[in-house]
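K.L.:
Below is the sequence, then the predicted model.
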Amino acid sequence: MKLTMKVLLSLVCAVSINLQAQTLRAFDNNGLQVYSSLQNAQQEAEKKLREQLQSALDDIVAKEKFPGATLAVVLPSGTVIDLASGMADPDAKQKMPVGAKMFCGSTGKTIVSAVALRLIADGKFKLDERVSKYFKDEADRQWYDKLPNADSMTIRSLMNHTSGLPRYLFQKDFLADIKANPMKSRSPRYGLKALCDVKPVFEVGKGWSYSDSNYLLLGLVIEKVTGKKFYDIAEQQIIKPFDLKNTVPTTQPKLDGLTMGHIGSVNFFGLPKKTVKDGKYVMNPDFEWCGGGYVTNARDLAVWMSKLHGGKVLDKKMYQQLVTPVGFRDGKQAEQGYGLGSFVWKTRNGMFFGHAGIMPGHLTQIEYSKKHKIAIAFQTNTDQGMGRTLHRHVQSIANLVINATKK
């Protein structure tokens with residue numbers, strides 16, 4: 001039987017289409033197998049890393065004799081590893097849960113700084129203008145004009161601690177009042193008034209001295225240029241958009257889910273050694289405000305670090321301002337030191353950015369690796385070991401994660 005050219009062409013096309021379909025099916029199957037293998041390998045690697053991190057956390061808690069601790073790590077892939085070790089309350093035999101909520105202390109300055117830099121980017125105020133510009137009304141001048149360096153402080157000098165303002169927390173009258181009335185509510189202005197007629201630590205820009213007083217003044221400026229309460233602005237710009245659902249302002253002693261804190265050998269305010277009683281913190285923490293001002297957990301803090309330093313919060317110009325440091329000795333631009341609300345560390349693993357925090361009974365350390373794109377948050381329910389202890393431990397954790405993610 002003779003086949004016409006038309007029929008032959010049809011047969012050739014049918015065979016070709018069938019072969020293509022078989023090839024695609026084979027490719028799809030192989031592709032799925034490869035993807036599945038890669039996915040399984042990644043899951044296995046992350047499981048192993050989780051086990052290594054848990055072991056490292058357990059070792060830190062045992063070595064430092066912490067009651068307990070929590071750790072969260074955001075990997076370059078976006079995976080969050082969330083861990084806990086030890087006890088929330090050894091006396092009550094309560095284990096430390098994953099996601100435990102603690103005071104974050106001065107790490108809250110990273111939120112305040114981000115809000116300020118976003119407002120500066122929007123033209124609400126400027127980094128190098130005088131702070132005194134915003135305290136011209138009669139009520140404010142009665143106390144502001146008596147502050148050290150009142151006429152020469154700039155917004156930048158507040159944010160990088162080169163203003164020369166002393167720490168209001170350690171003024172004799174303020175400390176005495178805390179000890180006598182720990183549950184009293186204290187406004188930012190109340191704290192700043194403790195500095196009236198006190199000598200500056202140095203002239204503006206002529207040194208560096210960490211002071212929570214700077215961030216109380218910065219918070220007041222933010223409220224003046226926006227006409228809103230700081231916590232409302234932060235909720236709108238930071239807390240909700242970046243889903244920090246466990247991060248709440250410390251506006252009162254009753255803070256739901258607050259983990260028991262344990263005060264170490266240095267007791268600034270003469271508080272009870274255990275910091276939660278009848279569901280309340282043993283002191284009204286509202287005075288901290290823009291010096292820190294939040295209760296949160298390690299997961300929220302690590303996620304926040306990954307967003308802040310991952311380009312999700314600030315434009316490039318403002319971010320560069322955030323991480324450009326001045327030195328701890330002279331307050332001049334340096335390779336490492338303190339930026340605008342962020343410590344800047346030069347380490348063997350490259351540059352790290354972050355902050356430390358203390359509130360009686362709790363310590364926090366948050367850090368981000370620029371080179372390796374990992375974020376780490378560490379919290380412990382004691383304030384014993386303040387200083388460089390947690391930074392050292394976070395760097396050891398970072399080293400472990402970096403080595404694991406290289407493979």
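P.N.:
Okay, I see it.
K.L.:
can you map out the helices along the stretch 201-350 of the chain?
P.N.:
212-226, 230-234, 298-308, 316-322 (DSSP state H, counting those that start in this stretch).
K.L.:
Present those helices as TSV; the columns should include distance to Asp140.
P.N.:
All C-beta atoms are positioned from the backbone trio N, CA, C, and that covers glycine. Below are these laid out as TSV (distance: least, CB to CB, whole Å):
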stretch	distance to Asp140
helix 212-226	9
helix 230-234	16
helix 298-308	31
helix 316-322	27
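K.L.:
Figure out the length between the terminal residues of stretch 120-129.
P.N.:
End-to-end distance for stretch 120-129, by CA to CA, to the nearest Å: 11 Å.
K.L.:
Now do that stretch: distance to the chain's middle.
P.N.:
The chain centroid and the centroid of stretch 120-129 are separated by 23 Å, computed with CA atoms, centre = their mean, to the nearest Å.
K.L.:
Buried residues of it, list them for me.
P.N.:
When burial is assessed from 16 or more other CB atoms under 10 Å, stretch 120-129 yields the following buried residues: Ile120, Phe125, Leu127.
K.L.:
From the rest of the structure, what touches that stretch?
P.N.:
119, 134, 154-156, 159, 221, 225-226, 314-315, 317-318, 321, 340 (CB atoms under 8 Å, 6 or more residues apart in numbering).
K.L.:
Run through the strands of the stretch 201-350 of the chain in chain order.
P.N.:
For the stretch 201-350 of the chain, the strands defined by DSSP state E, counting those that start in this stretch occupy 248-249, 276-277, 280-281, 294-296, 337-338, 343-347, 350-359.
K.L.:
Are we agreed that Ala377 is in a helix?
P.N.:
No: using DSSP: H, G, I helix; E, B strand; the rest coil, the secondary structure at Ala377 is strand, not a helix.
K.L.:
list the contacts for it?
P.N.:
Residues counted as contacts of Ala377 (CB under 8 Å, 6+ apart) are Leu71, Ala72, Val73, Ala298, Arg299, Asp300, Leu301, Ala302, Met305, Thr364, Gln365, Ile366.
K.L.:
how far away is it from Lys179?
P.N.:
31 Å (CB to CB, to the nearest Å).
K.L.:
how about the strands in the stretch 1-150 of the chain?
P.N.:
Counting by DSSP E, counting those that start in this stretch, the strands of the stretch 1-150 of the chain are 68-74, 80-89, 94-95, 102-103.
K.L.:
Tell me which of those strands lies nearest to Lys48.
P.N.:
Smallest distance to Lys48 across the strands of the stretch 1-150 of the chain (CB to CB): 11.2 Å, for strand 80-89.
K.L.:
what are the pairing partners of the closest one, and which direction each?
P.N.:
Strand pairing for strand 80-89, determined by DSSP bridges: strand 68-74 (antiparallel), strand 94-95 (antiparallel).
K.L.:
Go through these and pick out the most buried.
P.N.:
strand 68-74 (a mean of 27; mean count of other CB atoms under 10 Å).
K.L.:
List the residues that contact Asp330.
P.N.:
Contacts of Asp330 by CB under 8 Å, 6+ apart are Lys206, Gly207, Trp208.
K.L.:
Please convert those residues to JSON lines, extending it with neighbour count, distance to Lys65 and pLDDT.
P.N.:
Compiled in JSON lines, these are given as follows (neighbours: other CB atoms under 10 Å; distance: CB to CB, whole Å; pLDDT from 0 to 100):
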{"residue": "Lys206", "neighbour count": "14", "distance to Lys65": "41", "pLDDT": "97"}
{"residue": "Gly207", "neighbour count": "20", "distance to Lys65": "36", "pLDDT": "98"}
{"residue": "Trp208", "neighbour count": "24", "distance to Lys65": "32", "pLDDT": "98"}
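K.L.:
Pick out whichever of these sits closest to Glu46.
P.N.:
Nearest to Glu46 among these is Trp208, at 40.1 Å by CB to CB.
K.L.:
Ramachandran angles for the closest one?
P.N.:
With angles defined as degrees, to the nearest 10, Trp208 sits at phi -140, psi 130.
K.L.:
For it, list the residues it contacts.
P.N.:
Asn160, His161, Thr162, Val326, Gly327, Phe328, Arg329, Asp330, Gly331, Gly337, Tyr338.
K.L.:
Could you work out the most separated pair of those?
P.N.:
Asn160 and Arg329, at 13.6 Å, using CB to CB across the contacts of Trp208.
K.L.:
Which residue of these two possesses the greater neighbour count?
P.N.:
Per other CB atoms under 10 Å, whichever of Asn160 and Arg329 has more neighbours is Asn160, with 26 against 10.
K.L.:
what's the spacing between that one and Val204?
P.N.:
11 Å.
K.L.:
repeat for Gly123
P.N.:
In this view, Gly123 and Val204 are 24 Å apart by CB to CB.
K.L.:
Could you do Asp82 as well?
P.N.:
42 Å.
K.L.:
ok, now Arg348?
P.N.:
35 Å.
K.L.:
What of Asp173?
P.N.:
25 Å.
K.L.:
just Leu314 next, same as before
P.N.:
Distance of Leu314 to Val204, computed by CB to CB: 25 Å.
K.L.:
Show me where the stretch 1-150 of the chain dips below the pLDDT cut-off.
P.N.:
The stretch 1-150 of the chain contains residues with pLDDT under 70 at 1-39.
K.L.:
try it again with 50
P.N.:
Residue ranges of the stretch 1-150 of the chain with pLDDT under 50: 1-3, 7-9, 11-13, 15, 19, 24, 27.
K.L.:
which residues of it fall in helices?
P.N.:
5-64, 109-121, 138-144.
K.L.:
on that earlier part again, go through the contacts of stretch 120-129 and name the one nearest Gly261.
P.N.:
Set against Gly261, the nearest of the contacts of stretch 120-129 by CB to CB is Met159 (28.5 Å).
K.L.:
which of the helices of the stretch 201-350 of the chain is buried the deepest?
P.N.:
Ranked by mean neighbour count, the helices of the stretch 201-350 of the chain are led by helix 298-308 with a mean of 26 (mean count of other CB under 10 Å).
K.L.:
contacting residues around that helix?
P.N.:
70-74, 78, 80, 82, 99-100, 104, 107, 110-111, 114, 238, 242-247, 313-314, 354, 364, 366-368, 373, 375-379.
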